[in-house]
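# For reference, the sequence and a predicted model appear below.
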Amino acid sequence: MARDALGTDVTAGEAIAYNRVRVATATAVALYRSGHALPMPDDDLDDAVRALDFPYSIPSPETRASIRAALAVLEADYAVTVTR
């Protein structure tokens, strides 16, 4: 997935970060749409990641932090937009 999005010269670190954020963002959106809110225990976040069944996805402290950050943005303003 990372190579498709970032190109063939992507580093291992970039690929890991890309995949982690991809999983975290999808998980945060799913949690938000399901009515979940912060704070959330690690076990609940891990269960949510596993429920989405991303290939090779293993919940980690970094992924949980990314989920919490994305969920915090959604809770603050679900209609965040970027204008030029």
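That came through, no problem.
# counting contacts, what elements does the longest helix seen in the chain pack onto?
Ordering each helix of the chain by length in residues (DSSP state H) puts helix 12-33 first. Contacts defined by 3 or more CB pairs under 8 Å, 6 or more residues apart in numbering; DSSP states H and E place helix 12-33 against helix 2-6, helix 42-52, helix 61-76. The C-beta positions use only the backbone N, C-alpha and C, and glycine is treated the same way.
# Deepest-packed of these, please.
helix 61-76 (a mean of 16; mean count of other CB atoms under 10 Å).
# other SSEs contacting that helix?
helix 12-33, helix 42-52.
# Point to the residue nearest the middle of the chain.
Centroid check for the chain by CA atoms, centre = their mean gives A24 as the closest residue, at 0.9 Å.
# A28 versus the closest residue to that one other than its chain neighbours, what's the distance?
Closest residue in space to A24, ignoring its immediate chain neighbours: S66 at 3.4 Å, by CB to CB, 6 or more residues apart in numbering. Distance, S66 to A28, using CB to CB, to the nearest Å: 8 Å.
# which residues touch the residue nearest to A24?
Contact analysis of S66 by CB atoms under 8 Å, 6 or more residues apart in numbering lists 20-21, 23-25.
# just to revisit the earlier point, for S60, find the nearest of the helices and strands packed on helix 61-76.
When the helices and strands packed on helix 61-76 are compared by CB to CB, helix 12-33 sits nearest S60, at 7.5 Å.
# How much space separates the residue nearest to the centre of the chain from M40?
13 Å.
# Equivalent analysis for S57, please.
From S57 over to M40 the distance is 17 Å, taken as CB to CB.
# worst-scoring helix or strand of the protein, pLDDT-wise?
Of all helical and strand segments in the chain, the minimum by mean pLDDT, DSSP states H and E falls on helix 2-6, at a mean of 74.
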